[in-house]
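Chemist: Generate a structure from the sequence data that follows.
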Amino acid sequence: MRDDGGFVELSRGVFRQADAPPPRWPDLLAVAYRAPVAVVCCVSALVVHDMTDEIPSAVQIAVPRPSRPPRIDHPPTEIFRFAEATFEVGVSMVEAAPGENARVYGPERTIVDVMRLRHRLGESLAFGAMRRYLRRGDARPGQLLAFARDLGVFVPVRAALDVVSAE
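Modeler: As a prediction, this is how the structure comes out:
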């Protein structure tokens, strides 16, 4: 049926009907089916929440630390391993295609994660994302600080929040 055009392959073993409404986030949809426990994080989550103009070269996902990371060749993925105790903190859903969801960290958790990983992802990305977050009408700095406290990075997030707010 795939060869006849009835189905479209998103990833190995993940198919959609060719006449289904087009997905908004096809790569996230493919990853969600291939790794249902995984959560879209970091730059990929920033893109979903419109907090960066960067386009990641791979879908960035988090998995809980003791579990085995999924092996996904297409779409390209980058795996982060987060502590099991805080893995579910801040998880929300995004509609990757009509009626089909993918797990993604919410805006506040994403900002905190990018700040935690700023040595790997870049400080300019972290500060730029925080700046865009704070300009949003739905920004919740208190929630941001609560997540920072839960994830053990309260001091650097608070300092960054002070700097960005003063601009």
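Chemist: I figured Leu117 was touching Cys42, is that so?
Modeler: Yes: using C-beta atoms under 8 Å, Leu117 is in contact with Cys42, at 6.5 Å. Just so you know, the C-beta spots here come from the backbone N, C-alpha and C atoms, and that holds for glycine as well.
Chemist: Next, show the common contact partners of the two.
Modeler: Shared contacts of Leu117 and Cys42, defined by C-beta atoms under 8 Å, 6 or more residues apart in numbering, comprise Phe80.
Chemist: low-scoring stretches of the protein, by residue?
Modeler: The chain contains residues with pLDDT under 70 at 1-20.
Chemist: which residues in it form helices?
Modeler: 26-34, 42-48, 107-116, 118-121, 123-135, 141-150, 154-166 (DSSP state H).
Chemist: Just put those in JSON lines and tack on distance to Met93 and mean neighbour count.
Modeler: Formatted as JSON lines, the helices of the chain follow (distance: least, C-beta to C-beta, whole Å; neighbours: other C-beta atoms under 10 Å):
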{"stretch": "helix 26-34", "distance to Met93": "10", "mean neighbour count": "23"}
{"stretch": "helix 42-48", "distance to Met93": "11", "mean neighbour count": "26"}
{"stretch": "helix 107-116", "distance to Met93": "13", "mean neighbour count": "26"}
{"stretch": "helix 118-121", "distance to Met93": "23", "mean neighbour count": "14"}
{"stretch": "helix 123-135", "distance to Met93": "19", "mean neighbour count": "18"}
{"stretch": "helix 141-150", "distance to Met93": "18", "mean neighbour count": "17"}
{"stretch": "helix 154-166", "distance to Met93": "24", "mean neighbour count": "14"}
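Chemist: can you tell me which of the ones you listed comes nearest to Asp73?
Modeler: helix 26-34 (9.9 Å; C-beta to C-beta).
Chemist: What is the closest one packed up against?
Modeler: In terms of contacts (3 or more C-beta pairs under 8 Å, 6 or more residues apart in numbering; DSSP states H and E), helix 26-34 is packed against strand 7-11, strand 14-17, strand 59-64, strand 91-97, strand 100-105.
Chemist: and Arg103, what is it in contact with?
Modeler: Ala32, Pro36, Ala38, Val39, Val40, Val91, Ser92, Met93 are the contacts of Arg103 under C-beta under 8 Å, 6+ apart.
Chemist: The fourth one bridge partners, please.
Modeler: Right, Val39. Ala62 (DSSP bridges).
Chemist: Might one say that it is in contact with Thr86?
Modeler: No: at 11.4 Å, Val39 does not count as touching Thr86 under the criterion of C-beta under 8 Å.
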